[in-house]
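Participant: Structure of the sequence below:
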Amino acid sequence: MKKTVLLALIVLLAFVRPLHAQERVINIDYRKTAGPLNTFFKECVGAGRANEGLRADWQQQLAYVRKQCGFKYIRMHGLLTDDMAVYKEDSKGNPVYNFMYVDALFDFLQSIGMKPFVELGFMPGALASGDRTIFWWKGNVTPPKDYEKWGALVKNLTTHLTERYGADEVKTWYFEVWNEPNLSPGFWTATMEDYFRLYQYAAKAIKSVHKDYRVGGPGTAGAAWEPEMIEYCSKNKVPVDFVSTHAYGVNQGYLDEYGNSGTVLAKDAMAVSGDVLQSRKEIAGSPMPSLELHYTEWSSSYTPADPVHDSYHSAAYVLQKLKQVGNAANSMSYWVFTDIFEEPGPRFEPFHGGFGMLTIQGIPKPVLYSYQFLNRLGNMELVNKDAASWVCKDSSGNLQALVWDYTYTVPDATNNQQYFIRDLPSQSKGKLKLSIAHVPAGNYALEVYRVGYRSNDAYSTYLSMGKPARLSRQHVEQIKKQNDGTPFLKEIITVKDGVPFVKELAIRENDVFFFNIIRL
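Facilitator: Below you'll find the model as predicted:
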């Protein structure tokens, strides 16, 4: 009797199991468009500091990232810091300006088709009211000793940029005053009211050169001071064209350039994106409801010593957040494009959790490919009810689908520095089925790309090498070769009249797929 019951259960399970197999179906109609694709995700990208932009390896990496990902603007700290040599005073206290290094940096940006998102900071030593600095490269974070001289510096710089690049070009730039002044005394040793004074002098100086130049702030951490900023500018008739702020996806905050506090990736499904939506809501309810919103820094974590940045999880994380933001932001500037980044001093470890999309040696991390895929999407978005994908087409009739799974896998009471340094095999999420109806009949070349565990996952390759403390040229070449972003599937398909295009694939936790369907 027991054997009969057991046999019956086995037979029953054989039929039940397929019914419970996970299948994610994305149904698309080629004829139904949602409108032009909003490309806010590639408006801007971040870099550590201006002086790093004078290095050959930094410039080579930026040119590569610009080509792959299509970023238009770049924002960085330290344009006015002493290592850029912009300001000193003579023996009588008269200002002496020098923009030689600024010119070299901005000329390079122009040569690769990029524009500066000009962050005005930090304080030149000769103009500073104190000696408090931040980071290894000693950015001075004190207010000016003379606000009139601060305004004159900003006006002189703006005038110089106009003379060198032309007003029509500079009108396309953005000027952001300072960085994270709400983190006191880290980035600003004074009060919010003192920051508003700093902003007022800078904004009026910029507008005195050309009324159409765009200026904004407060560039705060954690979406702070936004209503206060708008109210101040509205009440005091101070020019403001955009609101800027920052958000990171970890629970523990403040400054931690060495990664010592033990960051924890937030479980909150709307981390980062919830801040952006709230910022847009605050602007909409303000006296200036049409202001642009720029998140001039964002990432999964606020420290350049967090292994989540190196992990394949970040590729899906970034796409999830950008999708959730929708049309709320004018730009979301990923912090940053390269691990050539020296806030805690020069780093030499191959994978140290740096912010970058590329390692110091130029090895692409998984997140680089997410931005590359975004840049390859066609200009017309198709109607799509799936919350974790974009499907687009271009003017040539080619189709592109960017699909991902984002799964939070960090165990409770485990910080990123403990978790993301491990080899982390991904679990199955069942089947993915992409079905596109009414695709014009004909022959198509299908290319499918994947980022995920051990697929364009440089850090896993590094772990398999035994985590060498230094990477030889051969190591670098091997890692790049194994994670070169080439398609894992290529085939020619024929679409017949009335028959939808269908493709099924197995999908795992935190996989990212890019389908490129090219009409032949």
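
Participant: Residue 99: what's its closest spatial neighbour, skipping adjacent residues?
Facilitator: Excluding the flanking residues, the one nearest residue 99 by Cβ to Cβ, 6 or more residues apart in numbering is residue 160, at 5.2 Å. In short, each C-beta sits where N, CA and C put it, glycine included.

Participant: Distance from the helix or strand that contains the one you found to the middle of the chain?
Facilitator: Per DSSP states H and E: residue 160 is located in helix 147-165. From the chain centre to the centre of helix 147-165 is a distance of 29 Å (Cα atoms, centre = their mean, to the nearest Å).

Participant: Could you do stretch 437-448 as well?
Facilitator: Chain-centre distance of stretch 437-448: 32 Å, with Cα atoms, centre = their mean.

Participant: before we move on, back to that, which residues are in contact with the helix holding residue 160?
Facilitator: The contact list for helix 147-165 (Cβ atoms under 8 Å, 6 or more residues apart in numbering) reads 80, 86-87, 95, 97, 99, 102-103, 106, 110, 120, 124, 127, 144, 170, 173, 175, 197-198, 201-202, 204-206, 208-210, 213.

Participant: just the buried members of those?
Facilitator: With burial judged by 16 or more other Cβ atoms under 10 Å, the buried subset of those is 80, 86-87, 95, 99, 102, 106, 120, 124, 127, 144, 170, 173, 175, 197-198, 201-202, 204-206, 209, 213.

Participant: if we can go back for a sec, what's the first helix or strand after the helix holding residue 160?
Facilitator: Counting by DSSP H and E, what follows helix 147-165 is helix 167-170.

Participant: buried sites along stretch 439-456?
Facilitator: 439, 444, 446-456.

Participant: actually stretch 78-95, sorry about that
Facilitator: 78, 79, 80, 81, 82, 84, 86, 87, 95.

Participant: same check, this time on stretch 337-351
Facilitator: 337, 338, 339, 340, 341, 342, 343, 344, 347, 350, 351.

Participant: I'd guessed the fifth one sits against residue 354; true?
Facilitator: Translated: residue 341. Yes - between residue 341 and residue 354 there is a contact at 5.9 Å, judged by Cβ atoms under 8 Å.

Participant: Name the residues contacting each of these two.
Facilitator: 304, 347.

Participant: Would you mind measuring from residue 220 to residue 227?
Facilitator: According to Cβ to Cβ, to the nearest Å, residue 220 stands 11 Å off from residue 227.

Participant: Grab the nearest non-local neighbour of the residue most central in space within the chain.
Facilitator: Taking Cα atoms, centre = their mean, the centroid of the chain lies closest to residue 334, which sits 1.6 Å from it. Using Cβ to Cβ, 6+ apart and skipping residues adjacent in sequence, the residue nearest residue 334 is residue 45, 5.5 Å away.

Participant: quick one, what contacts the one you found?
Facilitator: 65, 69, 71, 73, 74, 75, 333, 334, 336, 337.

Participant: Wait, a helix at it?
Facilitator: No - per DSSP: H, G, I helix; E, B strand; the rest coil, residue 45 lies outside any helix segment and is strand.

Participant: neighbours around the closest residue to residue 309 other than its chain neighbours, how many?
Facilitator: Leaving out its chain neighbours, the residue that sits closest to residue 309 by Cβ to Cβ, 6+ apart is residue 353, at 5.4 Å. Using other Cβ atoms under 10 Å, residue 353 has 24 neighbouring residues.

Participant: Equivalent analysis for residue 387, please.
Facilitator: Around residue 387 there are 9 residues (other Cβ under 10 Å).

Participant: I figured it was touching residue 323, is that so?
Facilitator: Yes - contact criterion Cβ under 8 Å: residue 387 and residue 323 qualify, at 6.9 Å.

Participant: picking that back up, tell me the residues that contact both of residue 220 and residue 227, please.
Facilitator: Common neighbours of residue 220 and residue 227 are not found (criterion: Cβ under 8 Å, 6+ apart).

Participant: For the two, work out which one has more neighbours and name it.
Facilitator: More neighbours surround residue 220 than the other of residue 220 and residue 227, with 26 against 15 (other Cβ under 10 Å).

Participant: can you tell me how far residue 306 sits from residue 354?
Facilitator: Using Cβ to Cβ, residue 306 is found at 9 Å from residue 354.

Participant: Also residue 90?
Facilitator: Distance, residue 90 to residue 354, using Cβ to Cβ: 41 Å.

Participant: Can you tell me the element residue 67 falls in?
Facilitator: Element membership for residue 67 (DSSP H and E) is helix 56-69.

Participant: Show residues contacting that helix.
Facilitator: Against helix 56-69 from outside (Cβ under 8 Å, 6+ apart): 42, 45, 47, 52-53, 71, 74, 108, 112-114, 337-338, 340, 357-358, 360, 362, 368, 371-372, 374-375.

Participant: Buried residues in that helix, which are they?
Facilitator: By 16+ other Cβ under 10 Å, the buried positions in helix 56-69 come out as 58, 59, 61, 62, 64, 65, 66, 68, 69.
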